[in-house]
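**Q** Task: produce atomic coordinates for the following.
(chains A and B)
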Amino acid sequence: MSTTKEIKLNFNAAWELAPAPEDTSHISIKSQYDLFINGEFVKPESKKYFATYNPATEVKIADVAEANEKDVDKAVKAARAAFGKWSKLSGKERGKYIYRIARLMQERAREFAVIETMDGGKPIRESRDIDVPLAANHFFYYAGWADKLEYAFPNRKPKPLGVAGQIIPWNFPLLMAAWKIAPALAAGNTVVLKPAETTPLTALKLAELIRDSGLPKGVVNIVTGAGKTGAAIVNHPDINKIAFTGSTDVGKIIQKAIAGTDKKLTLELGGKAANIIFEDAPLDQAVEGVINGIFFNQGHVCCAGSRLFVHESVADLVIRKLKDRMETLRIGDPMDKNTDVGAINSKEQLTKINEYITIGKNEGAEIYQSSCNIPKKGFFCKPTIFLNASQSHRIVQEEIFGPVLAVQTFRTIEEVIEKANNIPYGLSAGVWTDKGSKIFNLTTKLKAGVVWANTYNKFDPVSPFGGFKESGFGREGGLHGLAAYLNI
Amino acid sequence: MERLEIQKTYKIFIGGQFPRTESGRYYSLKNKKGEVLANICQSSRKDFRNAEVAARSAQSGWSSRAAFNRAQILYRVAEILEGRKDQFISELIVQGSSSAAARVEVEMAIDRMVYYSGWCDKFQQVFSAVNPVASSHFNFSVPEPTGVVAVIADEKSSLLGLVTAIAPIIAGGNTCVVLASESKPLCAVTFSEVLNTSDLPGGVVNIITGSAQELHTHFSSHMDVNAMVYYRDDKAQIKTIKENAALNVKRVFVYKENIFSEDHANPYYITDLQEIKTTWHPIENIGSAKAGY
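**A** Residues are numbered from 1 along each chain as shown, chains lettered A, B, ... in the order given. Below is the predicted model:
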């Protein structure tokens, strides 16, 4: 054990960093937001509003309209009315509108990043460097497809589907809106989009931006609300396509709800990714990948590497390095540019995560948490790992959607493939090894839509994303993402 | 002196074997004159479940075969179909086809099998992509088989409907359980004999006979079936199938085009039952020079 002590990280050095809060003075947030229907903000028929809070401070940011069935119907009618002209517009012109949205978003990137962090709790470093640039790039990428669709599907003349109803989650609010809207518009559809009830603000700022862009009225409609509003979209008879990102439970309800209709469906659902480290892996990089895999965005990531499999021969070393690295994570004010792990998105989610932590302890797994202090106000959770977890544990089988990692060890490659695949989910996986042939052996055998080899949690507009099995069907991103919005 | 003809016993095809239905049930297939042509297995839920187990066991072996090898096996199926052409034609005539229509159907079936044989080692190239990500990574997307597919085949044709359903599924590396036409089941059994003598591993295709009304709920609610394909037009069955599919997020495809349409020969029937897998790997950077594609 003496050798392991020698290479332990030294925390006696000056790790204290002065607070570096992002400036919030340049952003504009109204105290109340209405629904974006037919190119303008309109009061809800429901006459109801709900509050959206900053999860890091528990302070209310704004009131947001709650769309009921009548409101959704208005939005669908607007989208239907706009569909004819929009779908007949030449691809070249459609593309130019989408390029314009991309550029406007780049110009206002800082404002979007700040609001994203205020409304959702994710570190400003992530919303600034990942969410917002990727969202803008997504629009830019798909803009270019609008007049090239026939090259994407050989020997076919693809046609738009009509009105797309799109329901997105709270973990990447603006980015998911971009993933949904950009390909739909490029393909010639019109949309009714509902952001999550805890994170509606960047979608509403996007509505302002779309209004400013001169996009024809009704092509994009954004309605806010919770599950009931989502159900009104799913069940609306004049919608041709439902695109949903969220939990597997809700995805199944949606799939069942539209069974008697001709609505097309794509689902991007939950995950429980295996992140697999072999003894020949570059261990420091692998540990970095594990940290990024589970603590990125507080673990509120459907493709989070929430199951770690470590080759038994290096397990002690990897786990010690992992614990050491966890000690260096900075948890706290999401608006601070040095923060690594921000606030849990909502009180409900924090409760759910804490329940799973209790379950993990009761199941007999060994808990280890960062020894950091967490702010007294706001919703925070210490980075958490469970050692000696076993395949039957609920913390191994179920999606927690928080900064909680279940660690298992393995001896043979057959064993780890079997264990990695032996869950209903199949969204993503990670593999760490220095051996190329082993990487390809695993990537072909792991039942997952995205496999990161010697890296993790990388995203790009050109790269298709989506799941196998109960993680959903259809792809978002890249050429393959177009298929979700076209009759081929 | 008249010779007594030997009649064929029509059984089902599971895991490369020809068992009778475990249920012991049968229905009598009659011609227009009301004469009994054969006693057909009225397959049960248990038969379907056995067939699914066979399909699942065969899945990884079939999908990991070389694509070129799959192409050769599908071509071999076509060869043996061609050799037994007259048998299929007479079976279709017995089931009510004119001899001209029977010939057309068998020839289309053979040609369609050859068509999909050709795609086995080509669709991956057409529908894959190397994705030029902005970071220094090699990123590529390839289609992989969805897994085990349950099929309720066309009711109106005895042979072509089966071939049209099965060829794109197995060309793409999936395995399947197929419910044959209830009113025209004879070719299903004879086609199983073709499959069984053409190097296709047991369990890759399993064909059972019986009632869609009875079996569609079991097909669609099975938790180890990954996708379902339906070629008929019963709205109530379609709704039930789609509802049950939600139990384990099955992919459901309802194909309504006339089975004789040439549009049934296209690779999008293969890609419907494929999952796109995207793989990332870093590219080493030397100095400040970034590498990418």
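**Q** Now do the strands in chain B.
**A** B:26-30, B:36-41, B:129-130, B:137-145, B:148-152, B:175-179, B:205-208, B:227-230, B:251-254, B:274-282 (DSSP state E).
**Q** Model confidence score at residue 1, please.
**A** Picked chain A for this. pLDDT recorded at residue A:1 is 42.
**Q** Actually, chain B is the one I wanted.
**A** 75.
**Q** so where's the chain uncertain?
**A** No chain was given, so I picked chain A. A:1-15 (pLDDT under 70).
**Q** To clarify, I was referring to chain B.
**A** Looking at chain B by pLDDT under 70, you get B:289, B:291.
**Q** hmm, the helix ranked longest in it touching chain A?
**A** The longest helix of chain B (DSSP state H) is helix B:99-119. No. Using C-beta under 8 Å from any C-beta of the partner chain, helix B:99-119 stays clear of chain A, coming no nearer than 12.3 Å. No exception for glycine: its C-beta is placed from N, CA and C like everyone else's.
**Q** Buried residues in that helix, which are they?
**A** Neighbour counts using 16 or more other C-beta atoms under 10 Å in any protein chain shown place B:102-117, B:119 of helix B:99-119 among the buried residues.
**Q** Pull the number of nearby residues for residue B:192.
**A** Other residues lying near residue B:192 total 24 when counted by other C-beta atoms under 10 Å in any protein chain shown.
**Q** what about it, distance to residue B:162?
**A** 9 Å (C-beta to C-beta, to the nearest Å).
**Q** For those two, list the residues in contact with both.
**A** residue B:207 (C-beta atoms under 8 Å, 6 or more residues apart in numbering or on different chains).
**Q** re earlier: list the contacts of the longest helix of chain B.
**A** Residues contacting helix B:99-119 (C-beta under 8 Å, 6+ apart): B:71-72, B:74-75, B:77-78, B:81-82, B:85, B:88-90, B:92-93, B:97, B:157-160, B:162-164, B:167-168, B:171, B:260, B:264-265, B:267, B:270.
**Q** 7 Å instead, please
**A** Applying C-beta atoms under 7 Å, 6 or more residues apart in numbering or on different chains, the external contacts of helix B:99-119 come out as B:71, B:74-75, B:77-78, B:81-82, B:85, B:88-89, B:92-93, B:97, B:157, B:159-160, B:163-164, B:167-168, B:171, B:260, B:264-265, B:267, B:270.
**Q** go on, stretch B:74-89?
**A** With C-beta under 7 Å, 6+ apart, stretch B:74-89 has contacts from B:99, B:102-103, B:106, B:109-110, B:113-114, B:116-117, B:120, B:159, B:167, B:170-171, B:187, B:190, B:194-195, B:197-200.
**Q** picking up where we left off before, using CSV, write out the CA atom coordinates for the longest helix of chain B.
**A** Extracted as CSV, the C-alpha positions of helix B:99-119 are listed here (Å, rounded to 0.1, in the frame of the first residue of the first chain):
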residue,chain,number,x,y,z
SER,B,99,-51.7,-21.4,-63.4
ALA,B,100,-50.5,-18.1,-65.0
ALA,B,101,-50.8,-16.2,-61.6
ALA,B,102,-49.1,-19.1,-59.8
ARG,B,103,-46.2,-18.9,-62.2
VAL,B,104,-45.9,-15.1,-61.7
GLU,B,105,-46.0,-15.4,-58.0
VAL,B,106,-43.3,-18.1,-57.8
GLU,B,107,-41.0,-16.3,-60.2
MET,B,108,-41.4,-13.0,-58.3
ALA,B,109,-40.6,-14.7,-55.1
ILE,B,110,-37.4,-16.2,-56.5
ASP,B,111,-36.3,-12.9,-58.0
ARG,B,112,-37.1,-11.0,-54.8
MET,B,113,-34.9,-13.4,-52.8
VAL,B,114,-32.1,-12.9,-55.3
TYR,B,115,-32.6,-9.1,-55.0
TYR,B,116,-32.3,-9.1,-51.2
SER,B,117,-29.4,-11.6,-51.4
GLY,B,118,-27.5,-8.8,-53.2
TRP,B,119,-28.2,-6.3,-50.5
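**Q** quick revisit: mean neighbour count added to the strands of chain B, as JSON lines?
**A** Formatted as JSON lines, the strands of chain B follow (neighbours: other C-beta atoms under 10 Å in any protein chain shown):
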{"stretch": "strand B:26-30", "mean neighbour count": "14"}
{"stretch": "strand B:36-41", "mean neighbour count": "18"}
{"stretch": "strand B:129-130", "mean neighbour count": "15"}
{"stretch": "strand B:137-145", "mean neighbour count": "20"}
{"stretch": "strand B:148-152", "mean neighbour count": "27"}
{"stretch": "strand B:175-179", "mean neighbour count": "28"}
{"stretch": "strand B:205-208", "mean neighbour count": "28"}
{"stretch": "strand B:227-230", "mean neighbour count": "24"}
{"stretch": "strand B:251-254", "mean neighbour count": "18"}
{"stretch": "strand B:274-282", "mean neighbour count": "23"}
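**Q** For residue B:91, which non-adjacent residue is closest in space?
**A** residue B:186 (4.8 Å; C-beta to C-beta, 6 or more residues apart in numbering or on different chains).
**Q** no no, residue B:63
**A** Of all residues not flanking residue B:63 in the chain, residue B:173 sits nearest, at 3.7 Å (C-beta to C-beta, 6+ apart).
**Q** I'd guessed the one you found sits against residue B:60; true?
**A** No. Assessed by C-beta atoms under 7 Å, residue B:173 is found out of contact with residue B:60, at 9.7 Å.
**Q** What parts of the stretch 51-200 of chain B come near chain A?
**A** B:126, B:129, B:131, B:132, B:133, B:134, B:135, B:137, B:139, B:141 (C-beta under 7 Å from any C-beta of the partner chain).
**Q** ok, now which ones touch the fifth one?
**A** Contact criterion C-beta under 7 Å, 6+ apart gives A:460, A:462, A:463, B:139 as the residues in contact with residue B:133.
**Q** give me that answer again for 10 Å
**A** A:458, A:459, A:460, A:461, A:462, A:463, A:478, B:139, B:278, B:280, B:292, B:293 (C-beta atoms under 10 Å, 6 or more residues apart in numbering or on different chains).
**Q** Among these, pick out the one closest to residue A:53, please.
**A** Lowest distance from residue A:53 to the contacts of residue B:133 (C-beta to C-beta) belongs to residue A:459, with 27.1 Å.
**Q** tell me the secondary structure for the closest one?
**A** Of the three states, residue A:459 takes coil under DSSP: H, G, I helix; E, B strand; the rest coil.
**Q** quick one: contacts for the nearest residue to it once chain neighbours are set aside?
**A** Nearest residue to residue A:459, sequence neighbours excluded (C-beta to C-beta, 6+ apart): residue A:134, at 6.0 Å. Residues near residue A:134 by C-beta under 10 Å, 6+ apart: A:141, A:172, A:174, A:175, A:178, A:179, A:459, A:460, A:461, A:477, B:134.
**Q** Looks like the fourth one contacts residue A:135 (just checking).
**A** Same thing as residue A:175. Yes. Under the criterion of C-beta atoms under 10 Å, residue A:175 makes contact with residue A:135 at 4.7 Å.
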